[in-house]
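Colleague: here is my input, please return the structure:
(one chain, ligands or ions: 1)
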Amino acid sequence: MSPKRAVAAVAVDNVSKTFRVPTERVHTLKETALHPFRRSTYDEFVALKDISFDVGHGEFLGIVGRNGSGKSTLLKCMAGIYRVDTGGIYVDGRLSAFIELGVGFNPDLPARDNVLINGTMLGLSPREARRRYDSVIDFAELREFEHLKVKNYSSGMLVRLAFAVMIHVDAEILLVDEVLAVGDAAFQQKCFDEFYRLRDENRTVILVTHDMGAVERFCDSAVLFEKGDMVSQGDSHRIGVEYLELNFGRAPAIVAAEAADGSDAQRSGIGGAEIVEAWFEDQHGARASNLELERDCRFAARIRFTAAVDHPVFGVTLENAAHDNVFTASTQWQEAETGHFAAGEEAVFRVQFTNVLAPGRYDATPSVSQRGSGTAVMDRRERFISTVVSGTHASGALLELPYASAVERSAAQPAAEVES
Ligand SMILES: Nc1ncnc2c1ncn2[C@@H]1O[C@H](COP(=O)(O)OP(=O)(O)OP(=O)(O)O)[C@@H](O)[C@H]1O
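Modeller: Reported below is the predicted structural model:
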């Protein structure tokens with residue numbers, strides 16, 4: 001083992017993995033007898049392409065990427081479930097994995113037997129495994145189901161049991177695949193508490209998740225996978241932002257161009273003005289396809305008048321992916337006197353705001369109306385352009401408002417003074 005290998009907890013060295021997926025199979029004895037020389041044919045699918053990176057001792061690494069990008073395959077290679085085709089994976093320390101629901105459990109045995117078997121397989125002595133059993137079953141909150149065969153467990157119960165075993169075997173390196181995706185909110189909070197503990201104890205953790213909030217909160221660094229390639233590596237915040245951009249697409253500008261052709265956007269209005277184009281600007285005033293959370297930004301639209309109009313009303317509405325109206329701005333409430341525009345003249349309407357929108361995709365619907373009437377819309381372009389808000393501390397709320405919190409210790413009331 002080279003000195004480099006000795007310092008890393010896990011070293012992934014030029015790893016490639018290809019799956020052979022059968023296209024035609026000989027299933028029965030009869031088919032074999034009828035076609036003795038027919039060969040099975042396969043398609044090859046490259047799930048991991050020449051991947052290399054190191055995970056240091058005590059590092060908390062996030063592995064992120066879209067569905068099917070190769071994350072779980074890599075974790076299974078690390079855990080020794082899959083053999084790599086080329087390259088090697090070097091592990092320095094005792095490893096415990098939470099990888100796939102039910103893997104490692106015997107479905108016909110109750111929780112108790114499974115916990116004891118798994119505990120010993122993961123390096124505990126039988127005595128130590130028995131000693132820790134109560135703690136495992138209590139952590140999993142499955143005491144009343146301890147005698148039930150695990151094949152009758154729900155997926156959430158299986159996750160709780162597997163996670164509880166994993167964190168009770170004192171492994172130095174933990175591989176955790178999507179534990180946050182299953183399980184209720186209370187269990188998620190328990191996982192978070194454990195992640196904090198593991199981080200404080202300087203354990204090496206490799207976490208596969210789609211939750212960028214968790215990546216930013218726990219991971220020292222992260223790697224981004226796309227179609228079997230490791231496309232980026234580095235600071236967890238930056239990788240989280242890159243993942244969101246990859247996920248939601250980086251092409252809202254293209255959406256706008258298509259809409260401007262009249263191909264996509266729904267349009268309504270009585271005429272007299274046309275919304276020609278719209279875009280978003282970042283805090284420096286440059287056109288931007290993605291907006292960063294908590295920064296100042298602007299929505300802008302260029303309008304061409306085809307008739308003379310006095311004090312037109314400009315407005316825009318932003319909708320999130322669930323079509324909730326999260327923000328509406330209008331000159332009607334801000335500056336009623338927008339001026340006189342002759343036919344052929346153009347105007348640019350801008351709305352500046354601090355971006356407190358939760359990370360995700362937003363569609364903008366701009367409109368221009370005649371003054372004094374809520375209904376005389378001259379042009380309105382439904383979901384004309386979209387933008388992606390990137391930022392990783394997603395609380396799950398619609399908005400990420402800046403806030404301050406405080407906790408004050410209040411003096412305890414002496415018992416004698418409490419009136420009954
Ligand atoms: N045993 C297998 N046989 C054939 N193909 C497989 C096998 N396991 C994985 N694959 C394929 O390899 C690719 C990567 O799968 P993998 O499960 O590693 O993705 P992932 O990044 O973990 O995705 P997700 O986020 O959906 O969990 C997928 O296209 C998948 O279909």
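Colleague: helix, strand or coil for residue 202?
Modeller: Using DSSP: H, G, I helix; E, B strand; the rest coil, the structure places residue 202 in coil.
Colleague: now it: closest residue in space that isn't a chain neighbour?
Modeller: Residue nearest to residue 202 in three dimensions, not counting chain neighbours: residue 58, with 3.8 Å by CB to CB, 6 or more residues apart in numbering. The way it works is simple: take the backbone N, C-alpha and C, and place the C-beta from them, glycine included.
Colleague: how about the residues of the protein near the ligand?
Modeller: 19, 21, 45, 47, 65, 67-73 (CB under 6 Å from any ligand atom).
Colleague: tell me the least confident of these?
Modeller: Lowest pLDDT within those is found at residue 21 (81).
Colleague: name all residues that make contact with that one.
Modeller: Contacts for residue 21 (CB atoms under 8 Å, 6 or more residues apart in numbering) come out as 42-45.
Colleague: for whichever strand or helix holds it, what is the distance to the chain centroid?
Modeller: Per DSSP states H and E: residue 21 is located in strand 8-24. The chain centroid and the centroid of strand 8-24 are separated by 24 Å, computed with CA atoms, centre = their mean, to the nearest Å.
Colleague: and for stretch 314-329?
Modeller: Stretch 314-329 sits 23 Å away from the centroid of its parent chain (CA atoms, centre = their mean).
Colleague: do stretch 282-291 as well
Modeller: The mean C-alpha position of stretch 282-291 is separated from the chain mean by 23 Å, CA atoms, centre = their mean.
Colleague: still on that earlier bit, are any of the residues of the chain next to the ligand buried, and if so which?
Modeller: Applying 16 or more other CB atoms under 10 Å to those, the neighbour count classes 47, 65, 69-73 as buried.
Colleague: rewinding a little: show me the contacts for the residue nearest to residue 202.
Modeller: 9, 202-204.
Colleague: where exactly do the strands run in the stretch 101-250 of the chain?
Modeller: In the stretch 101-250 of the chain, the strands defined using DSSP state E, counting those that start in this stretch lie at 173-177, 204-208, 221-226, 229-235.
Colleague: give me whichever of those strands is most buried.
Modeller: Among those, the stretch with the highest mean neighbour count (mean count of other CB atoms under 10 Å) is strand 204-208, at a mean of 25.
Colleague: for residue 141, give me its contacts.
Modeller: Applying CB under 8 Å, 6+ apart, we find residue 141 in contact with residue 160.
Colleague: domains of this protein?
Modeller: The chain breaks down by automatic domain parsing into domains covering 3-247, 252-390.
Colleague: show the subsequent helix or strand relative to the helix or strand of the chain with the lowest mean pLDDT.
Modeller: Every helix and strand of the chain was ranked by mean pLDDT, DSSP states H and E. The lowest is helix 252-260, at a mean of 41. Going down the chain from helix 252-260, the next helix or strand is strand 266-268, by DSSP H and E.
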